[in-house]
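Enquirer: after the sequence you'll find the predicted model.
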Amino acid sequence: QVHLVESGGGSVQAGGSLKLSCVASGYNFPNCGMGWYRQAPGKERDLVSLISKQGTATYSDSAKGRFTISRDNAKNKLYLKMESLKTEDTAVYYCAACAVYSGSDIIGHEYWGQGTQVTVSS
């Protein structure tokens with residue numbers, strides 16, 4: 001059974017930093033692309049960042065230059081380092097595993113964590 005457990009969320013002032021972690025189990029972690037998504041109150045879930053099984057990272061425009069995604073295949077862990085946080089980064093952040101493709105486009109992920117709350121105050 002696949003489990004994804006996020007941690008590291010919390011409350012921080014604007015301009016601060018947080019590092020989210022996701023520990024995975026129940027599947028072949030190194031063989032799957034991973035991602036971070038977020039959902040703010042009243043909004044849809046949005047992509048934040050992706051990392052391929054080879055370690056290639058991509059970011060949403062809002063995350064670019066402030067967030068860094070990484071993975072440790074030896075520990076089955078995914079990370080998201082977030083810096084220069086803004087109030088608009090407030091959301092529940094979700095870890096996602098095993099990208100699903102349509103052609104070369106990622107259209108979703110097979111597995112999801114329960115999420116961790118990030119609250120950024122002004």
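Expert: Cool, the structure landed.

Enquirer: what does stretch 33-51 contact?
Expert: Stretch 33-51 has contacts (CB atoms under 8 Å, 6 or more residues apart in numbering) with 20, 22, 24, 52-53, 57-60, 62-63, 67, 69-71, 78, 80, 88-99, 106, 109, 115, 118. Yep, even glycine has a C-beta here, placed from its N, CA and C like the rest.

Enquirer: next one: stretch 64-73
Expert: 29-30, 34-36, 48-51, 55, 57, 59, 77-85.

Enquirer: restricted to strands, list those.
Expert: Judged by DSSP state E, the subset of the contacts of stretch 64-73 located in strands is 34-36, 48-51, 57, 59, 77-82.

Enquirer: out of those residues, who's the most crowded?
Expert: Neighbour counts for those (other CB atoms under 10 Å) peak at L78, which has 28 neighbours.

Enquirer: separation between it and W112?
Expert: As for L78, its distance to W112 is 12 Å (criterion: CB to CB, to the nearest Å).

Enquirer: overlap of the contact sets of those two?
Expert: By CB under 8 Å, 6+ apart, the residues touching both L78 and W112 are 95, 97.

Enquirer: could you list the low-confidence segments of this structure?
Expert: Within the chain, no range satisfies pLDDT under 70.

Enquirer: so how far is S122 from the residue nearest to the spatial centre of it?
Expert: With distances taken as CA atoms, centre = their mean, W36 lies nearest the centre of the chain, 1.9 Å away. Here W36 is placed at a distance of 23 Å from S122 (CB to CB).
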